[in-house]
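**Q** Sequence and predicted model, in that order:
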Amino acid sequence: MSERGPTPRGAAPLWGDNAEPLTDIQLAWKNPGHALIKRGHRTIGHVYIDAPKGASGYSIAVNPLGCGTVIAGAPVIGATDGIGPQPAGRLDMVFVAGDTPGEYRTTISVNNGNAVQFFVTAE
């Protein structure tokens, strides 16, 4: 790919045990397709990027402050009677496609929490 189009930006809602919003996490990359979601010294989840065969140069860049934003009411968690939607942490990120056209699938999963997937098709 000699030219790249707009860089997809997004945000993933994150919550852990007991619907606790996760706002103090960082990513620790093990290899280009796998990162650990860290909270302090604990691994609390994983990020996986499934890229087209032979692709390189793909990545996810996150807000340098980590997950520092809270979504006041994340309707995907569901409402609590008398309270409304529960809050969730928000991981702001930018996806960079690699050098190979095709579909890139990213899975963000929190141990005992939620999982989110998103797809980017690079042409």
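**A** Yes, it's here.

**Q** Run through the strands of this structure in chain order.
**A** 9-14, 26-31, 34-39, 42-50, 59-62, 69-71, 79-80, 84-85, 88-96, 102-110, 115-122 (DSSP state E).

**Q** Listing request: residues of the protein with sub-threshold pLDDT.
**A** 1-9, 18, 63-87 (pLDDT under 70).

**Q** ok so, going back, which stretch among the strands of the chain comes nearest Glu20?
**A** Among the strands of the chain, the nearest to Glu20 by CB to CB is strand 88-96 (8.6 Å). Any C-beta I mention is one placed from the backbone N, CA and C, and that applies to glycine too.

**Q** mind checking how far the closest one is from the chain centre?
**A** 5 Å (CA atoms, centre = their mean, to the nearest Å).

**Q** which of the residues in it are buried?
**A** Buried residues in strand 88-96, counted by 16 or more other CB atoms under 10 Å: Ala88, Gly89, Arg90, Leu91, Asp92, Met93, Phe95.

**Q** what would those residues look like in TSV with distance to Thr43?
**A** Output for the buried residues of strand 88-96, formatted as TSV (distance: CB to CB, whole Å):
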residue	distance to Thr43
Ala88	20
Gly89	16
Arg90	20
Leu91	15
Asp92	21
Met93	18
Phe95	22
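
**Q** follow-up on the earlier one: output the strands of the chain in TSV; the columns should cover distance to Glu20.
**A** Compiled in TSV, the strands of the chain are given as follows (distance: least, CB to CB, whole Å):
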stretch	distance to Glu20
strand 9-14	10
strand 26-31	17
strand 34-39	11
strand 42-50	11
strand 59-62	20
strand 69-71	11
strand 79-80	13
strand 84-85	14
strand 88-96	9
strand 102-110	10
strand 115-122	16
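
**Q** on that earlier part again, just name the closest of the buried residues of strand 88-96 to Gly54, please.
**A** The nearest member of the buried residues of strand 88-96 to Gly54, counting by CB to CB, is Phe95 at 18.5 Å.
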